[in-house]
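Asks: can't give you the sequence, but here's the structure:
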Ligand SMILES: C[S@@+](CC[C@H](N)C(=O)[O-])C[C@H]1O[C@@H](n2cnc3c(N)ncnc32)[C@H](O)[C@@H]1O
């Protein structure tokens, strides 16, 4: 699917970046949104690559902010507390976050000290992630060491199928229907994401591949009121508005 996205032509420092991105992603390079043209624009703001929805009256750009997740902690690695850490499990060291998206879960996993590979198949989302990772690489105001995550731009079904060194855990957060009680920023992120990537209709296939790949477990994030991706998870940890279902190595779908 070719998303409804263009790239804003830049002047000065980011001019070349924008031109390279346009060629790489095969998206038009334009000066400003045009009637009948793409309404979402990748554009550099304050040195960050952002995605801006120009249908909004005061368009507020959204961007991947892994630094923010890491900076939340006064020391690193962050304590492995809470439902996400419980779902990931005490013995997990390496994780493939197979649905990286806005990188929010990625940031939490990196802050907790896991070795994470992030996989994203949407070239637009991958460009936003890549930009965030390059900013993270030069970040100095975080409180302790962390393992920089690796980004792979691919369909995770193919990537996982071809892996030689499987991870302890595969983490999945496929698209799901919007929830009511989200913050304005979370709603904007979700709406824009849905427009860029659509619905992850092949999520069952990804889940089946993840089960064959992870050496210890597969963790699936779901809205708290949504059915599990597969019946009878081995464990479930409930957080605010979301739930983490855990499928241990050897789990078999009926
Ligand atoms: C709901 S978002 C994930 C949000 C993310 N967990 C976060 O914290 O920001 C789902 C993302 O997974 C990506 N995705 C879905 N299926 C995928 C697949 N098979 N391979 C790679 N990326 C996939 C989508 O393109 C989308 O960006």
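Replies: It's in. Note that the structure is a prediction, hence the values are computed from the model and not measured.

Asks: contacts only, for the residue of the chain found nearest the ligand.
Replies: As assessed by CB to the nearest ligand atom, the ligand sits closest to residue 101 within the chain, at 2.7 Å. In short, each C-beta sits where N, CA and C put it, glycine included. Contact analysis of residue 101 by CB atoms under 8 Å, 6 or more residues apart in numbering lists 120, 125, 173, 193, 197.

Asks: for the stretch 151-254 of the chain, give me the ranges with low pLDDT.
Replies: Within the stretch 151-254 of the chain, the stretches falling below the threshold (pLDDT under 70) are 177-182.

Asks: still on that earlier bit, taking the contacts of residue 101 one by one, which sit in strands?
Replies: Residues from the contacts of residue 101 lying in strands, with DSSP state E as the criterion: residue 120.

Asks: still on that earlier bit, mind checking pLDDT for the residue of the chain closest to the ligand?
Replies: With respect to pLDDT, residue 101 has a value of 96.

Asks: please report the distance of residue 214 from residue 164.
Replies: Summarising the geometry, the distance separating residue 214 from residue 164, computed by CB to CB, to the nearest Å, is 14 Å.

Asks: higher neighbour count, those two?
Replies: For residue 214 versus residue 164, neighbours defined as other CB atoms under 10 Å are more numerous around residue 214 (26 against 4).

Asks: look up the closest residue to that one, ignoring the ones flanking it.
Replies: Of all residues beyond its chain neighbours, the one nearest residue 214 is residue 170 (4.4 Å), with distances taken as CB to CB, 6 or more residues apart in numbering.

Asks: just residue 111 next, same as before
Replies: According to CB to CB, 6+ apart, the nearest residue to residue 111 is residue 78 (4.3 Å).

Asks: residues in contact with the one you found?
Replies: Residue 78 touches 72, 108, 111-113, counting by CB under 8 Å, 6+ apart.

Asks: kindly recompute the last result at 10 Å.
Replies: Shown here is residue 78, whose contacts under the criterion CB atoms under 10 Å, 6 or more residues apart in numbering are 69-70, 72, 85, 108-113, 143-144, 146.

Asks: now swap in residue 136 and tell me
Replies: For residue 136, the contacting residues are 64-67, 70, 103, 107, 110, 142, 146, 148-149, taking CB under 10 Å, 6+ apart as the criterion.

Asks: how about a cut-off of 6 Å?
Replies: Taking CB atoms under 6 Å, 6 or more residues apart in numbering as the definition of contact, the neighbours of residue 136 are 66-67.

Asks: helix or strand: which one has the residue located most distally from the centre of the chain?
Replies: Distance from the centre of the chain peaks at residue 35, with 30.6 Å (CA atoms, centre = their mean). Following DSSP states H and E, one finds residue 35 outside all helices and strands.

Asks: roughly how far does it sit from residue 7?
Replies: Using CB to CB, we find residue 35 at a distance of 18 Å from residue 7.

Asks: do the same with residue 228
Replies: For residue 228 relative to residue 7 (CB to CB), the value is 39 Å.

Asks: out of those two, which sits in the more crowded spot?
Replies: Here residue 228 and residue 7 are compared on neighbour count by other CB under 10 Å; more neighbours surround residue 7, at 26 against 13.

Asks: name the element the more buried one belongs to?
Replies: Secondary structure here is read from DSSP H and E; on that basis residue 7 sits in strand 5-8.

Asks: so for that strand, what's the average pLDDT?
Replies: 95.

Asks: are the following helix or strand past that strand and the ligand in contact anywhere?
Replies: Scanning forward in sequence from strand 5-8, with DSSP H and E defining helices and strands, the next element found is helix 15-25. No - judged by CB under 6 Å from any ligand atom, helix 15-25 makes no contact with the ligand; its nearest approach is 14.0 Å.

Asks: neighbours of residue 28, just the number please.
Replies: Using other CB under 10 Å: residue 28 sits among 14 other residues.

Asks: my bad, residue 191
Replies: Counted with other CB under 10 Å, residues neighbouring residue 191 total 14.
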